[in-house]
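> Test case, fold it:
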Amino acid sequence: MNRMLERNITDDDVRAYMYYAKVMLSQWGGQRRRFISEEGMCVITKSGDEWIYKTVWSKSDYDEEADKIMEVLKSVGL
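Presented below is the predicted three-dimensional model:
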C-alpha cells in the first residue's frame, strides 16, 4: 500500500492492471501472480485463502525489463 501511495496508484488502477492484463505469469507453484498490462503491472501473493497485493507499478515506472516484456507481447500480437 505504501508503494501505491508513493507512486500515486489507486486501488482502481491496480484492478485495471489485472483486468486488462495482456498476460498473467504464475510463479512459486501458483502462490504468486504477476499481471502485465500496457498501463501497469502488479504482483499478488497468496496468503492463506486470500490474495494480497505485493507490489505494483505503472507504465511510467517501467524499466528495461518491463519494456522488453512489452516488446515480446506486442511481437506475438498481444
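
> Mind listing residues that contact the longest helix along the chain?
Criterion DSSP state H: the longest helix present in the chain is helix 64-75. Helix 64-75 has contacts (CB atoms under 8 Å, 6 or more residues apart in numbering) with K22, V23, I36, E38, M41, W57, Y62. Where you see a C-beta, it was placed from the backbone N, CA and C, and this is true even at glycine.

> With only the CA atoms kept, save it in CSV.
The C-alpha coordinates for helix 64-75 follow below in CSV (Å, rounded to 0.1, in the frame of the first residue of the first chain):
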residue,chain,number,x,y,z
GLU,A,64,14.3,-2.0,-19.2
GLU,A,65,13.0,-5.4,-18.2
ALA,A,66,9.4,-4.3,-18.4
ASP,A,67,9.9,-2.7,-21.7
LYS,A,68,11.4,-5.9,-23.1
ILE,A,69,8.4,-7.9,-21.8
MET,A,70,6.0,-5.4,-23.6
GLU,A,71,8.0,-5.7,-26.8
VAL,A,72,7.7,-9.5,-26.7
LEU,A,73,3.9,-9.3,-26.0
LYS,A,74,3.5,-7.0,-29.0
SER,A,75,5.6,-9.2,-31.2
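
> tell me the mean pLDDT for that helix?
If you average the pLDDT over helix 64-75, you get 90.

> So K46 is in contact with G29, correct?
No: the pair K46 / G29 is not scored as a contact, 9.7 Å apart, by CB atoms under 8 Å.

> In terms of neighbours, single out the busier of these two.
Shown here are K46 and G29; by other CB atoms under 10 Å, K46 has more neighbours (14 against 7).

> residue ranges of the helices in the chain, please?
2-6, 11-19, 64-75.

> Only the buried residues of the shortest one, if you could.
So that's helix 2-6. In terms of neighbour count (16 or more other CB atoms under 10 Å), helix 2-6 has its buried residues at M4.

> Distance from the chain centre to the lowest-mean-pLDDT helix or strand in the chain, please.
Within the chain, no helix or strand scores below helix 2-6, which has a mean of 76 by mean pLDDT, DSSP states H and E. In terms of CA atoms, centre = their mean, to the nearest Å, the centre of helix 2-6 is set 14 Å apart from its chain centre.

> Point out the other helices and strands that it packs with.
The helices and strands touching helix 2-6, judged by 3 or more CB pairs under 8 Å, 6 or more residues apart in numbering; DSSP states H and E, are strand 50-58.
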